[in-house]
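**Student:** sequence plus predicted model, see below.
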Amino acid sequence: MPYLGEACALGAAVCWTGSSLGFALASKAVGPMPANQFRLVAAVPILVLLALGTTGSGWPTEASVARIGWLMASGLIGLVLGDIGFFHALATIGPRLSSVLMAAWPACTVGIDWLFGITPRPLVLLGITLTTAGIMLVLLRSREGTAWNPGLTRARWWSGVFGALLGALGQAGGYVVAGFGLAAAPDQPDGVSPLHGTVVRMATGVLGLQLVLLGRGQPLALRRVWPHRLARRAALAGALFGPVGGVWLSMVARREAPDNGVAAALMALSPVFMMPVAAIAYRARIGWFGAFGTCLAVAGAGVCVAVR
């Protein structure tokens with residue numbers, strides 16, 4: 001199907017818009033670690049059932065040990081390391097500013113590709129630059145920071161910034177590494193199904209985060225979510241939009257898009273979609289810079305797709 005990868009990348013961006021808001025609300029209410037553990041545990045059985053219903057198998061039994069290893073590594077990098085940082089950012093500096101800093105992940109993706117010897121085309125770099133610059137303008141010129149967390153201290157603000165940057169690096173690293181497990185090769189001409197890849201990544205994320213929580217003496221942190229009505233609803237919605245819909249679509253985009261940078265730039269548009277959501281959900285003020293940034297980001301995405 002023409003442009004399947006690009007369409008799935010845009011779909012993932014829309015899903016992650018809803019996911020970010022849901023998990024930001026849940027993390028603010030009960031803490032980032034309980035919300036993170038809850039969403040991974042909730043997502044795994046849903047993904048396994050989807051895989052059973054669509055492929056007849058809940059696990060990629062035909063995949064080699066090496067492929068499973070790459071997908072597991074991707075889960076640890078993206079869903080444990082990266083998301084610990086991102087969920088901390090959501091709870092402290094809110095979904096808008098967190099999304100600004102996460103917009104750096106397409107650039108991180110290109111950088112990691114370069115380390116593996118993949119040189120991006122000039123137009124791809126231009127498209128990524130325009131998209132990222134547009135997102136930065138959309139969000140850095142917004143004035144709703146105090147609306148999310150009025151009592152935020154400078155130290156907590158910087159910890160949130162660091163968390164979001166860690167999330168961007170983890171997102172990029174997990175995305176690139178997943179490609180080695182999904183890709184078609186002589187041992188498996190069709191590659192691994194993106195849905196099966198998502199199951200492996202999410203199951204690994206559950207185990208990895210569980211080890212982290214055991215080390216912190218909080219093995220069942222997710223218990224804080226269920227009794228809290230707002231946190232429970234927000235986390236369930238976030239799980240459906242994020243680990244299920246968003247991650248699955250991102251894995252399809254990873255395998256089908258002609259260029260990692262193209263898919264990454266399109267998926268990075270989620271902060272633009274966040275604008276009207278933020279304006280309605282917590283009355284963010286969006287001015288002319290927001291409108292201009294939106295046009296710039298869309299133009300950059302158009303350049304990326306046109307490169308195909």
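**Tutor:** Here it is on my side, so go on. Numbering: from 1, shown residues only.

**Student:** buried sites along the helix or strand hosting residue 277?
**Tutor:** In this assignment (DSSP states H and E), residue 277 forms part of helix 270-282. Neighbour-count burial for helix 270-282 flags 270, 271, 272, 273, 274, 275, 277, 278, 281, 282 (criterion: 16 or more other Cβ atoms under 10 Å). C-betas here are computed from N, CA, C, even on glycine.

**Student:** show me what that helix is packed against.
**Tutor:** helix 4-30, helix 94-102, helix 122-140, helix 288-306 (3 or more Cβ pairs under 8 Å, 6 or more residues apart in numbering; DSSP states H and E).

**Student:** mind running it again at 6 Å?
**Tutor:** Helix 270-282 sits against helix 4-30, helix 94-102, helix 122-140, with contacts defined as 3 or more Cβ pairs under 6 Å, 6 or more residues apart in numbering; DSSP states H and E.

**Student:** got the angle for that helix vs helix 4-30?
**Tutor:** 40 degrees (axes from the mean of the first three to the mean of the last three Cα atoms, to 10 degrees).

**Student:** and the residue of the chain most remote from its centre, backbone torsions?
**Tutor:** Most distant residue from the mean C-alpha position of the chain: residue 186, 30.2 Å away (Cα atoms, centre = their mean). Main-chain torsions, residue 186, degrees, to the nearest 10: phi -50, psi -30.

**Student:** and it, how far from residue 64?
**Tutor:** When distance is defined by Cβ to Cβ, to the nearest Å, residue 186 is 11 Å away from residue 64.

**Student:** check residue 12 too.
**Tutor:** 26 Å.

**Student:** which of those two has more neighbours?
**Tutor:** For residue 12 versus residue 64, the count of surrounding residues by other Cβ atoms under 10 Å is larger for residue 12: 28 against 14.

**Student:** following the chain past the helix or strand of the chain with the lowest mean pLDDT, name the next helix or strand.
**Tutor:** One helix or strand of the chain scores below all others by mean pLDDT, DSSP states H and E: helix 145-148, with a mean of 56. Sequence-wise, the next helix or strand downstream of helix 145-148 (DSSP H and E) is helix 154-182.

**Student:** remind me what that next one packs against, helices and strands.
**Tutor:** When contacts are defined as 3+ Cβ pairs under 6 Å, 6+ apart, helix 154-182 sits against helix 65-75, helix 83-92, helix 94-102, helix 105-115, helix 247-256.

**Student:** figure out which of those helices is closest to residue 178.
**Tutor:** Comparison of those against residue 178 by Cβ to Cβ identifies helix 65-75 as nearest, at 3.9 Å.

**Student:** what angle separates the closest one from helix 154-182?
**Tutor:** Computed by the same axes, to 10 degrees, the angle between helix 65-75 and helix 154-182 is 160 degrees.

**Student:** so what's the residue count around residue 122?
**Tutor:** Number of residues near residue 122 (other Cβ under 10 Å) recorded here: 9.
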